[in-house]
Structures are given as structure tokens and as C-alpha cells.
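[1] what follows is a predicted structure for the sequence shown.
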Amino acid sequence: MQTPEEREIQMLRVWSLLQQYGSHIRDITIRDDGLLDAAIKARLSSLDSLTICGIVNEYVYGQESAFMAVKRQQEQSLDHTTAMMVTTTATTSAEAALDSWSDLPSMTLFDTSFPKQCLMNRTQGCWLLITKNPGLRRLEFKNQTSYTIFPFKSFPPIPTATSIPSRDFVEKLLARLPYLNHLAMEKPVAEFVLANLGTRYRNITSFVHLNADDYANGILSKSATSTTLRRLKLQRRIDAENLVRIGRIFPELRELYLSVVHVPPHFQYSPDDSDDKSVGGQSKEPPLFTKLEYLFATNIFDIASLSRAGIRLPAVKRVDPTIKFRTLAYLWIVLRAYPTLEHLDAMETFSADRRYGDALDPASLKPTSSLRLRTFILTHGTAFGLGVGGMLEVMPLLTHLELGLIPPSALEVMAKNCRNLEHLRFNLEQGNGHKELNKLFEVCSKLKVCRGRGHEILGGDFVEDHNWTCFGVQELDLKIVGIPRMSKAQERVWEAMQQDHRTSGSTDEERSAATQQRYSCQYQKSAYKNLAKYVHLRHLNLGGLDSVQSGTTKTTGADHTAPDCLELTLESGLSELAGIRFLETLGVGGLSHRMGTKDLEWMCQHWPLKKVSGLEYLRADPDNQLEAEDMLDRVKISMMISGMTNNNNSRSPSRTGF
């Protein structure tokens, strides 16, 4: 807890900074009386955005606030000379910056439950700061307590012909802000503004109604139509009838933020989607929310249930936040309610709302026509992954897809139906989906990212039958297995021959090892040549991740080192990858590679590497982690010193011919 002296020093420092940089400040949030006082004294007048939060504290330091002192002086009709004698220097500077308080409403209009004089002065100080910034574009009143920013005794929200001082003041205050386009406030003033967005406040395109329990006195039924509002946020509960009114009042809405929506029993809205204005002699209502593209709803299934009541959102492209569902039927309910969705983020969880979908057959709810989804992010368990293929059948336009663990059959559907994919993330069981994954790379020519666990492809498919079309891929997780390699015994023989600088054998074992190594290197060189076609690669993970998920058993990558993988050595043809000039991240975990210092040095020379993971598998020895990391550091440092030396030598004058 600050002492009054510490508080005073802090606020003087804030005031000094505001005075020094005030002309550059465009956005400020007032959470503190001291900051409000400093902002007024610093004459802030160039704000674009102002947020005023609820009362946090009263004045705690010694000197009286500028707006309180000046207001008291003016009320007492003191002349300028007297004021200079009774106020501090800070107050004097504030007085020079402030206009008369005569435009502010009398405190007799305040609610009698507003107990303290300093709080009333604070409220009027907020109003003063607003009027000193006529260029405001955003104005928000957040987290208000019972002491709201407009604590009037009486403030009827419904427009009337009778002049009411409190309402007249609010009109005058907002009229001074001709550029204001975003406003957030609470009732009762919020209801008055909401009712007049189509008349007095057409410049406001974004409005937030805070803490709205209901809409008293039929305010929405008496509101004028607004064709300028594009974004509306309503907190707390709203029923279907009032939602219909919202749709009528704001036909140009693009974004709508809702909390809880209640649909009364037997409620039914009949929109008119055709030229025929009546059915069976009964007039039909015009369609609502025809331009709404974004919907935020804390319980999306409440909103989806509106479709059964006749309230449809025919143009929604995205819903937030993440939809939590229990079964596939839940997702089909949402997708049927919003067939125009282009972005969907969903998560399977047993804690989801049980009111919809548990007793329904997913097959009966599956859309019969293709959906418009471009982005689909689905967090799910292993069991649910079995049904992913059926979902992808109606999503041919997907460009961004993120899934959990899926079976190879889902990959097959993906390759057949989702050929526009650019960003892809999913997991496979280790050893599954080789053919399906290869087919995916053949048909998805726009693919730029393919990440996940368990991505394996056979060397034969990659070397001998390589028909990939995704030449623009930038991030790739792919383990190439089935590469012919020497056995462990042959490796030991070959390494002994290398130490003697021999490449031809004198014994049967040596000749066998040399023959196998020549064949392996020739095979690997073909693999490197194909991999070199993807010159835009920035991330390449040729091994597993640091941990490998296989069924229900989680084991470390060291238990799954692949003996039939690329060696990643210059001897095996690594130099074929010199054309990949943008590689920043390389993963080699879970591989029995044979990388050495020269190979690492070559990589650092040809690629702008920032991270190499999996060096603990150096020579398939998981105990060499620190040694391998130290090796990479030494290579980078030596390269840096070498580069600096070369640069200095090229810049130094010649010793001869001067």
C-alpha cells in the first residue's frame, strides 16, 4: 500500500510525463483519480481514444485535485488574484487550461445515493476531459460500479418531446464529438443512445451496451432504424423477441456480440425469403441480419436453436468463441444453422451443454450440400477422429485445417475432396497412412504448411514414384523411412575403414559394407534431389517430435529411432540440398543419422539456421546431447569469427602499391 507521500511523488511524475509527451498521446485509459487529475492538468486535447473505468480509489495524496479546486473557486466566484493566493501552482496551471463549468449540469440532478462530494467531482472531471477532446473516435465507460458515470436521479431512455436537463446534457456532450464512431456505456444512458443511433448519432458505427439485464419500457420497439451501425455488443440476457427487433433496427450490422439468448416457448418468426409476401393469407416478416458476417455468442447452441424458431442468420461467415461439443450431432446442428460459415473453431469436451445433440443421429443431421468452410480447427479425442472423414466430405473449399489424431481413411477423403488446402495440421498413428499421405502431396498443389506427428512416407514412394505438386511448401514435418542402410555391424566395419582412409575392402565383411554403403548413398542422393525441389522450405522436421504419441502409450523419441532413414551426411549426398536457401528450423529427432562436425558446418554455411532439434540422436546415441549442442555452438562461433575476419581483410588497405 502506498503512503500519501509516495502517491504524491508518483502522480507528479505522471503529470510531468503527460506534460512532456501529451501532444503525442492518442489513447489513454483512466483507472485512477490521480491519472484523471494529471490528464486535465496536462491539457490533453489530442486524444483519439478514451476509456474511463469504474471508481478505483478516492484522492489519497495531500494536494487537492485540479478539477475539484477550480470548480470550487468558480462556484464561489473568486477572482483570478484570489485564486492564485489560495491554490497551488498545479491548480493554477489547471485553471488556465479549463473552461467555465457553467455548461455542466447541477449536482441537484444527481442520485441522492451518490454519497460523496469527491465522487461527484470525479464524474464531472470525466465529462470535462471528454469535452476537451473533440477529436475522440473511441469512447468507453467500462467496469462501472453503482457510481456510474451518469448518476442521474431521472433519465428516461425513451425519446420524448419534453426537455429533461439530464438528457439535454448528454445530447450536448455527445454533440461535441463529431468524429466519434465507437461508444461503450451502460444503462440508462446507453438505452437512450441505442434508441437514437438512427437519428442523432449516425456517426457511431460501433456500440457496446454494458450490463443490460433487459430493455425497459419497450425501448427497442420505439427505436429509430439505423443504417450506419456495423458492430453491436449486448451484454447479458436477451430474448428472441428483442433479437428480432435488433435485426429490424440495424439492418446493416456486420458484427454482433451476444451473451445468453432465451427463446420463449412456442415462439416462431416467419421470414419472407421470396417475392410472395404472404403464405396462406398470413403476412410474412422480412428476413433479418442479411449482412451479418461475424457472430460472438457465449453459448452457440442457444443461438443455433433460433433457426428452429425461424430466426436465421443467412450471411454469417465466422462464429466465436471456440464451440464446445459432446458429439458429432452438436457440430451438425451448428453447421446446418449457419451454412455460410467460413471459419469454425471447435473442441470436443464432455463438459459441453447437454441440451442439444445427445439423443440425435448425426447421420440425419449431416448437411446434404457442400459447406463454405475455409478454416476448420477441431480439437478432439482419438475416438472422434474416426468420424472426421465424413465431415470432410462436405468441406471441399477448406484452405486451413487443423485436426487431432486421425485414421488413414480421413487422409484419403482429404486427398479426394480437399484439394485447396494451404495450411494443414494433423497426427497419425506411427507407421500408418504412407500411401494416403503421399497421395495428399500429389493433389494439394497449394499446400504451404503440413505439420503434425506420425507423418511418414516410404523411401520407395519418395524416390521412385515422386509426383508431388506442392512446390511452394514452407513448413513440413515428414519422416522418410525405408531407406536402404548398412546394418549396425556393417556400420562399425565401415567406420573402421574410414579411420584408415580406405573405401575398398580387403575382406568379405569390408567389401559387403562398402557395397551396401555405395548403394545406400546412391539411393539417398536421389531422395535429396527430390527434396531439393522444395526451395521455399523454412521449417523441415525429418524426424519425430521430442515425444511420440502412439495409441495410449507415450514414449520418448529415443525409443523410436528410425534405422532406415536419411543419414544427413555429405557422404550420402546432403549437398544436393544447397538450393534450399531459407531453412531456419531443422528437426532430426528420432533418426539414426550419421551427422558429424563437417556436416553441421556445411548446414550452417548454406542455411540461415536458427534452431536444430534432435541432435541428441547423433550417431543414434541419446547420451550425446550436450556434446552435440556444444559442437553446433562451436561451428557457429567459428563461422562468425571467420566471416568477421574475411570482412576485415577485404576492407584493410593493401600493404603494397600504396
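    Perfect, I can see it now. Numbering: from 1, shown residues only.
[2] mind checking which helix or strand the nearest residue in space to residue 310 that is not next to it in sequence is in?
    Leaving aside its sequence neighbours, residue 310 sits nearest to residue 269 (CB to CB, 6 or more residues apart in numbering; 3.7 Å). Placement of C-beta: from N, CA and C, glycine included. Residue 269 belongs to no helix or strand when elements are defined using DSSP states H and E.
[3] could I get the pLDDT score of residue 269?
    If you check residue 269, the pLDDT there is 86.
[4] residues touching it, list them.
    Residue 269 makes contacts with 240, 244, 285, 288, 309, 310, 311, as judged by CB atoms under 8 Å, 6 or more residues apart in numbering.
[5] first-to-last residue distance for stretch 458-477?
    End-to-end distance of stretch 458-477: 14 Å, with CA to CA, to the nearest Å as the criterion.
[6] quickly list the domain ranges of the protein.
    In the domain annotation for the chain, the residue ranges read 1-153, 434-648 (automatic domain parsing).
[7] lowest average pLDDT across those domains?
    domain 1-153 (a mean of 69).
[8] so which of the contacts of residue 269 belong to helices?
    240, 244 (DSSP state H).
[9] now the contacts of residue 269: which count as buried?
    240, 244, 288, 309, 310, 311 (16 or more other CB atoms under 10 Å).
[10] which one of the residues you listed sits closest to residue 195?
    Closest approach to residue 195 among the buried ones among the contacts of residue 269 (CB to CB): residue 244, at 16.5 Å.
[11] need the nearest residue in space to the closest one, chain neighbours excluded.
    Nearest non-adjacent residue to residue 244, counting by CB to CB, 6+ apart: residue 269, 5.8 Å away.
[12] how close does that neighbour sit to residue 121?
    Remark: distance between residue 269 and residue 121 (CB to CB, to the nearest Å) = 49 Å.
[13] least confident of the buried ones among the contacts of residue 269?
    When the buried ones among the contacts of residue 269 are sorted by pLDDT, the bottom entry is residue 309 at 79.
[14] what sits against that one?
    Here residue 309 is in contact with 240, 263, 267, 268, 269 (CB under 8 Å, 6+ apart).
[15] mind checking how far residue 458 is from residue 491?
    Here residue 458 is placed at a distance of 22 Å from residue 491 (CB to CB).
[16] same deal with residue 194?
    Separation of residue 194 from residue 491 (CB to CB) stands at 77 Å.
[17] again, but for residue 313
    Per CB to CB, residue 313 is found 64 Å from residue 491.
[18] check residue 37 too.
    Using CB to CB, residue 37 is found at 77 Å from residue 491.
[19] now residue 413
    42 Å.
[20] quick revisit: tabulate the contacts of residue 269 (JSON lines), appending distance to residue 408.
    Compiled in JSON lines, the contacts of residue 269 are given as follows (distance: CB to CB, whole Å):
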{"residue": "240", "distance to residue 408": "45"}
{"residue": "244", "distance to residue 408": "48"}
{"residue": "285", "distance to residue 408": "49"}
{"residue": "288", "distance to residue 408": "44"}
{"residue": "309", "distance to residue 408": "42"}
{"residue": "310", "distance to residue 408": "43"}
{"residue": "311", "distance to residue 408": "42"}
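[21] which one of the contacts of residue 269 sits closest to residue 259?
    Distances from residue 259 to the contacts of residue 269, taken by CB to CB, are shortest for residue 240, at 13.8 Å.
[22] measure the nearest residue to the closest one once chain neighbours are set aside to residue 198 for me?
    With sequence-adjacent residues excluded and distances taken as CB to CB, 6+ apart, residue 240 is closest to residue 263, at 4.6 Å. Applying CB to CB, the value for residue 263 to residue 198 is 27 Å.
[23] for the stretch 251-400 of the chain, what spans make up the strands?
    255-258, 261-262, 278-279, 282-283, 294-297, 318-320, 323-325, 343-348, 375-379, 400-405 (DSSP state E, counting those that start in this stretch).
[24] by mean pLDDT, show me the worst of those strands.
    Among those, strand 278-279 scores lowest, at a mean of 44.
[25] wait, residue 399 sits on residue 376?
    No - under the criterion of CB atoms under 8 Å, residue 399 is not in contact with residue 376, lying 9.6 Å apart.
[26] comparing the two, which shows the higher neighbour count?
    Legend: neighbour count by other CB atoms under 10 Å for residue 399 and residue 376, higher for residue 376 (24 against 18).
[27] do you know how far the more buried one is from residue 341?
    Taking CB to CB, one finds residue 376 at 9 Å from residue 341.
[28] just give the number of residues close to residue 325.
    Neighbourhood size, residue 325 [other CB under 10 Å]: 25.
[29] thought it was touching residue 350?
    No - using CB under 8 Å, residue 325 is not in contact with residue 350; the gap is 10.2 Å.
[30] what about the closest residue in space to residue 234 that isn't next to it in sequence, which helix or strand?
    Nearest non-adjacent residue to residue 234, counting by CB to CB, 6+ apart: residue 209, 5.2 Å away. Remark: residue 209 resides in strand 206-210, with elements defined by DSSP H and E.
[31] which residues are in contact with that strand?
    140-142, 144, 181-187, 190-191, 193-194, 197, 229-235, 257.
[32] buried sites along the host helix or strand of residue 604?
    Assigned by DSSP H and E, residue 604 belongs to helix 597-606. Neighbour-count burial for helix 597-606 flags 599, 600, 601, 602, 603, 604, 606 (criterion: 16+ other CB under 10 Å).
[33] again with stretch 415-424
    415, 416, 417, 418, 419, 421, 422, 423, 424.
[34] closest to residue 445 among these?
    residue 419 (7.7 Å).
[35] what count of nearby residues applies to the residue nearest to residue 135 when sequence neighbours are not counted?
    Nearest non-adjacent residue to residue 135, counting by CB to CB, 6+ apart: residue 179, 5.8 Å away. Neighbourhood size, residue 179 [other CB under 10 Å]: 11.
[36] can you offset everything so residue one is 100?
    New numbering, starting at 100: the last item is residue 278.
[37] and residue 278, what does it touch?
    Per CB under 8 Å, 6+ apart, neighbours of residue 278: 233, 234, 235, 236, 302.
[38] confirm the third one sits in a helix?
    Which is residue 235. No - Residue 235 is assigned coil when assessed by DSSP: H, G, I helix; E, B strand; the rest coil, not a helix.
[39] and the gap between it and residue 709?
    Taking CB to CB, one finds residue 235 at 44 Å from residue 709.
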